[in-house]
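[1] Need the 3D shape of this:
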Amino acid sequence: KFTAKNIASKTALGFAMLIGIPIAICIAMISIIGLPLALIMLVAYIILIYLSIIPSGYVLGNKLFKDKFKKKEIILVLGILIIKLLELIPIIGGFVVFISLCYGLWMLLPIKKK
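    Sure, this is the predicted structure:
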């Protein structure tokens with residue numbers, strides 16, 4: 001469901017990931033044994049941040065264009081295009097990037113409750 005409360009809670013969990021993962025990486029870097037794991041986690045974290053626009057764009061495109069287009073690829077591209085166009089607006093753009101990043105991070109989380 002796409003209610004405001006549902007989206008806000010998912011975005012808050014994504015924000016917790018955005019803050020919590022670097023803290024876990026720093027803790028893992030303390031020991032010699034944890035350093036390679038921390039470096040792998042750092043690379044994975046950077047990749048997750050880069051890819052977080054994909055699920056956010058798909059959810060937005062699905063919400064706006066589900067009835068107009070049948071192909072999921074078109075819905076995904078339109079959703080990402082809308083997010084990228086909103087990023088160009090000076091004040092709102094940063095907020096859109098932050099919300100889509102947090103929401104996308106939560107969507108990329110592999111452990112979800114059913």
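
[2] and the gap between the residue of the chain positioned farthest from its centre and residue 38?
    Taking Cα atoms, centre = their mean, the residue of the chain most remote from its mean C-alpha position is residue 32, at 30.7 Å. Using Cβ to Cβ, to the nearest Å, residue 32 is found at 11 Å from residue 38. From N, CA and C alone the C-beta is placed, and that goes for glycine too.

[3] So what touches the lengthiest helix in the chain?
    Looking across the chain with DSSP state H, the single longest helix is helix 4-28. Contacts of helix 4-28 with the rest of the structure, by Cβ atoms under 8 Å, 6 or more residues apart in numbering, involve 34-35, 37-38, 41-42, 45, 52, 99, 101-107, 109.

[4] which of the residues in it are buried?
    For helix 4-28, burial by neighbour count (16 or more other Cβ atoms under 10 Å) applies to 7, 10-11, 13-15, 17-18, 21, 25, 28.

[5] Which pLDDT does the model give residue 1?
    On pLDDT, residue 1 comes in at 60.

[6] Over to the one 3 residues further on?
    Predicted confidence (pLDDT) at residue 4: the value is 73.
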